[in-house]
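1. Sharing a model prediction with you, sequence too.
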Amino acid sequence: MTDALMPVRHSGVFKCPRCNVVAEQHWFTVRYEDREGKAEYYWGDGDYLAVNQCKNCSQMSLWMGSALIWPETTTAPSPNADMPEEVARFYAEASSVLQHSPRSAAALLRLSMQTLLRGLGLKGDLNAMIGTLVERGLPLAIQQAMDAVRLHGNEALHEPGDIVLEDDGATALALFRLVNWVVQDQITRPKDIAAVFETCPDDKRAAIAKRDHKPGLSD
């Protein structure tokens, strides 16, 4: 996200942390009322509270000083648009805990990778599924991405060893990008190629199938 779109206190337009739409923001001060009914109003900067309301979704966010304290934000990249729903649920959960526990995020990303490969029809544990793809000609870079997520996730699930993720948010953040790259390679790229190939004339695709000894056009 560019600096111009990031949420900033008192900015009139930014990407809403509630609906993720760049929209106009309306600002309000927070009214505090004690038990005796005395009301006080806080103005200005410093440690005062403020609320912004998004014009697009009408939902509110809470600020203390210059910090957005609710909803919590994440630096994790958005999931690939082609990420299967079940995989995306684990990805979103990993994103929500990244700031508090990179180790937990890594474990959830490992689970998202495992779920992704099982959804592609592979069998066995994660290591075995990656091995099957390697036998089928998986590119080295994608194999390394898968194994990096697997190894860091394994370390997060067990007693810490050579890899220490608890204080390494940068490594955990990189794992999100790797998961997205795997989805790009295994789902998005084949889908896009197939969509373009289907626009070729039937007789030309039939000739290609015959050339490559394929039994059907869809093979």
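-> That came in fine, so what should we check first?

2. Can you verify my assumption that residue 94 contacts residue 173?
-> No - using C-beta atoms under 8 Å, residue 94 is not in contact with residue 173; the gap is 10.5 Å. For glycine as for every other residue, the C-beta is placed from the backbone atoms N, C-alpha and C.

3. Comparing the two, which residue is more hemmed in?
-> residue 94 (28 against 17; other C-beta atoms under 10 Å).

4. For that one, give me its contacts.
-> By C-beta atoms under 8 Å, 6 or more residues apart in numbering, the contact set of residue 94 is 76, 104-106, 108-109, 112, 176.

5. Let me know the closest of those to residue 198.
-> residue 112 (29.6 Å; C-beta to C-beta).

6. Am I right that that closest one is in a helix?
-> Yes - judged by DSSP: H, G, I helix; E, B strand; the rest coil, residue 112 forms part of a helix.

7. Check which residues of the lengthiest strand in the chain are buried.
-> The strand that spans the most residues within the chain, counting by DSSP state E, is strand 22-29. With burial defined by 16 or more other C-beta atoms under 10 Å, the residues of strand 22-29 counted as buried are residue 25.

8. and that strand, which strands flank it?
-> strand 13-15 (antiparallel), strand 49-54 (antiparallel) (DSSP bridges).

9. Quick one: residues in contact with that strand.
-> Strand 22-29 is contacted from outside by 5, 10-16, 41-43, 48-57, using C-beta under 8 Å, 6+ apart.

10. What does the nearest residue to residue 119 once chain neighbours are set aside show for phi and psi?
-> Nearest non-adjacent residue to residue 119, counting by C-beta to C-beta, 6 or more residues apart in numbering: residue 84, 5.4 Å away. Dihedral pair for residue 84: phi -60, psi 150, per degrees, to the nearest 10.

11. Likewise for residue 171?
-> Backbone torsions of residue 171, given as degrees, to the nearest 10, read phi -70, psi -40.

12. Many thanks, we can stop here.
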